[in-house]
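In: Generate a structure from the sequence data that follows.
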Amino acid sequence: MMVSMPRRVRAGLLTSVCLYAGFYVSGGMALAQAETLDFRQAVEVALKQNPDLLGVQAQMAQARAGIHQAEGARLPKVTVSAGVTRTNDALNAFGTKLSQRQATFNDFGAGQFDPTNPNVLGVEPNSLNYPGSVNNFNTRIQADLPLYTGGKLQGYVQQARAMLLAAQAGDQAARQQIIYHALQAYDGVYTARAFKGVAAKALEAAQSQVKTVDSLFKQGVVIKSDLLSAQVREEDVKLQQDQAANMEAQAMDALHVVLGVPLNQPITLGPEVMVTLPEGDPNEWVGQAMARNPKIQALQHQIAAANGHIEVARADRYPQIGAMARFDTNDPNPGFESHSYTVGAQLNWTVFDGGVTQNAVDQAVAKRMELQAKLQSEQNQLGMQVQDSYRKAVEAANQVKVRELAVKQAEEAARIVTKRYADGVGTLVEVQGAQAQLDKARADLIKARQQVNMQRAALRLALGDLTLDATQPVKPLVQTAAAQPPEADAVGKP
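Out: Numbering: from 1, shown residues only. Take a look at the predicted model:
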């Protein structure tokens, strides 16, 4: 009996659909009718419209803006203002006249001053206490410059620059993840087609078996139950062939979703691709992964940003010194007649705030400790991932060799058992058992080949160098060990 598609392979293809269903849109990039799309082109299409990548690019834009904002805070802040007021408040009215350079002795009540009056100093001047309404048109230009902030501005700049580097590392990580999932979908189509080929060969063998048993039954060599059993197997293999066809359709749907193109858009795939093993000494790969993996780099830059946050929080412990320069005009009518300027410097130092600053520093330090712990955990997992992926890649490569031999052995066994049955010295159970072993051997070979590709890709992803240069097209073979026609077709004659 034919072995159906391995559950892990089917699950992987369905997972691809789930991973990318969130960003599939019917209005995605349209491809030419039945255009041939090789793996490099498929990745380029996916990179252009992947929402995760667009989100990372937005984070980089935010970080760049944060750098400019932090650096701009070091420069003078210049403000321009203009306003008009009308008041009869005694203090403001007199002050406004002074600002306008128009104060007179009469504004002090000089007209009410009588030196002959012994109580003249107790007289309340009406013009000073009850002035008329005064209009004022004010124009002001003011520049403020921070001279010393206790390291706050430097901390903001450090934090913003580190966040930009973290976003850039995240962009690189996102791109490599897209390549990995595009490979998973692209290779999944070829894997599904290989299983479909196995199903087709199994159906050929089942149909040949029915012909053989039917001929032997007509000759009176076998009983009718053998013929019925062969016919049941043929129908069962047809069902499994339908499953293989559905698997190919699911794999192609997954590829459409990865690319972000409509499901009804026809795509003709280019050549199959193979991921190459990284160069260098495997014993040094863990150290290389720690240095080059973009996720690790992103965490390291986030820790640097946390250091900047600590500096910002600590700055409130120190004095803040700034300089100011101001130019004013004040006129009763619109104009710029009465000029004045003000320059100065100011020191502000919070000597007690109830522990607010210290708690802010403690909070920032705790955040850095959290990131450091996360980095340590990620590094531990990354080291394990590198070693595990390498071991599995080597194991899968060895399995390919073993599976190829197993296919040859199963083909020979099926040929011999089928011939024995045709000669009347074997049983149909033996024939079907041998064919089932051949089907399983072919399916296992396909699975092993797919595992070689995906484990190498996982290894390169961990090392931080899963790029298009890590893949190369595979020349199609006329016949492979997993797709050769079964010997039963040649010996199915009575």
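In: what sits up against the host helix or strand of T79?
Out: For T79, the host element (DSSP states H and E) is strand 77-87. Strand 77-87 has contacts (Cβ atoms under 8 Å, 6 or more residues apart in numbering) with 92-93, 96, 133-145. Heads up, the C-betas are built off the backbone N, CA and C, glycines and all.
In: Walk me through which strands it pairs with, and which way each runs.
Out: strand 134-148 (antiparallel) (DSSP bridges).
In: Report the buried residues of the partner strand.
Out: Applying a neighbour-count criterion of 16 or more other Cβ atoms under 10 Å, one finds 134, 136-140, 142, 146 buried in strand 134-148.
In: Those into a markdown table, with extra columns for distance to E235 and pLDDT?
Out: Shown next, in a markdown table, are these (distance: Cβ to Cβ, whole Å; pLDDT from 0 to 100):
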| residue | distance to E235 | pLDDT |
| --- | --- | --- |
| V134 | 105 | 94 |
| N136 | 100 | 95 |
| F137 | 98 | 95 |
| N138 | 96 | 94 |
| T139 | 95 | 95 |
| R140 | 93 | 95 |
| Q142 | 90 | 96 |
| P146 | 84 | 94 |
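In: Relative to Q41, which of these is nearest.
Out: Each of these was checked against Q41 using Cβ to Cβ; the closest is P146, at 52.6 Å.
In: distance of that closest one from V343?
Out: 16 Å (Cβ to Cβ, to the nearest Å).
In: What of D89?
Out: For D89, the distance to V343 - Cβ to Cβ - is 28 Å.
In: for G424, same thing?
Out: Taken as Cβ to Cβ, the span from G424 to V343 is 116 Å.
In: Check R74 too.
Out: 20 Å.
In: all strands of the stretch 351-494 of the chain, in order?
Out: Along the stretch 351-494 of the chain, counting by DSSP state E, counting those that start in this stretch, strands occupy 471-473.
In: Any regions of it where pLDDT drops low?
Out: 476-494 (pLDDT under 70).
In: 50 instead, please
Out: 478-494 (pLDDT under 50).
In: hang on, the earlier thing: out of R74 and V343, which sits in the more crowded spot?
Out: Ranked by neighbour count (other Cβ atoms under 10 Å), R74 and V343 place R74 first, with 13 against 10.
In: Which residue, other than its chain neighbours, is closest to that one?
Out: L153 (5.5 Å; Cβ to Cβ, 6 or more residues apart in numbering).
In: ok, that neighbour - contacts?
Out: Per Cβ under 8 Å, 6+ apart, neighbours of L153: 70, 73-74, 146.
In: Break the protein into its domains for me.
Out: 7-70+154-306+359-489, 89-132 (automatic domain parsing).
In: Same list, those, but as TSV with mean neighbour count and distance to V80 please.
Out: Formatted as TSV, the domains of the chain follow (neighbours: other Cβ atoms under 10 Å; distance: least, Cβ to Cβ, whole Å):
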stretch	mean neighbour count	distance to V80
domain 7-70+154-306+359-489	18	21
domain 89-132	13	18
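In: Just tell me which of those domains ends up closest to F336.
Out: Closest approach to F336 among the domains of the chain is made by domain 89-132 (11.7 Å; Cβ to Cβ).
In: What pLDDT does the model give the residue lying farthest from the centre of the chain?
Out: Residue farthest from the centre of the chain, counting by Cα atoms, centre = their mean, is T116 at 92.3 Å. On pLDDT, T116 comes in at 80.
In: tell me the SS of it?
Out: coil (DSSP: H, G, I helix; E, B strand; the rest coil).
In: Phi, psi for it please.
Out: phi -80, psi -10 (degrees, to the nearest 10).
In: how far away is it from A93?
Out: Applying Cβ to Cβ to T116 and A93 gives a distance of 30 Å.
In: for H301, what are its contacts?
Out: Contacts of H301 by Cβ under 8 Å, 6+ apart are 162-163, 165-166, 169.
In: if you set the cut-off to 10 Å instead, what comes out?
Out: 63, 161-170 (Cβ atoms under 10 Å, 6 or more residues apart in numbering).
In: Mind putting the residues you listed into a markdown table with secondary structure?
Out: Shown next, in a markdown table, are the contacts of H301 (three-state DSSP):
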| residue | secondary structure |
| --- | --- |
| A63 | helix |
| R161 | helix |
| A162 | helix |
| M163 | helix |
| L164 | helix |
| L165 | helix |
| A166 | helix |
| A167 | helix |
| Q168 | helix |
| A169 | helix |
| G170 | helix |
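In: Show me the two of those residues that sit farthest apart.
Out: It's R161 and G170 that sit farthest apart of the contacts of H301, by Cβ to Cβ, at 14.9 Å.
In: May I ask which helix or strand encompasses the residue nearest to Q432 when sequence neighbours are not counted?
Out: Leaving aside its sequence neighbours, Q432 sits nearest to R233 (Cβ to Cβ, 6+ apart; 6.0 Å). Element membership of R233, judged by DSSP H and E, is helix 224-259.
In: and that helix, how far from the chain's centre?
Out: Taking Cα atoms, centre = their mean, to the nearest Å, one finds helix 224-259 lying 36 Å from the centre of the chain it belongs to.
In: for the stretch 251-400 of the chain, what spans make up the helices?
Out: 285-292, 294-314, 356-422 (DSSP state H, counting those that start in this stretch).
In: Now tabulate those in TSV and tack on distance to D439.
Out: Below are the helices of the stretch 251-400 of the chain laid out as TSV (distance: least, Cβ to Cβ, whole Å):
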stretch	distance to D439
helix 285-292	37
helix 294-314	41
helix 356-422	8
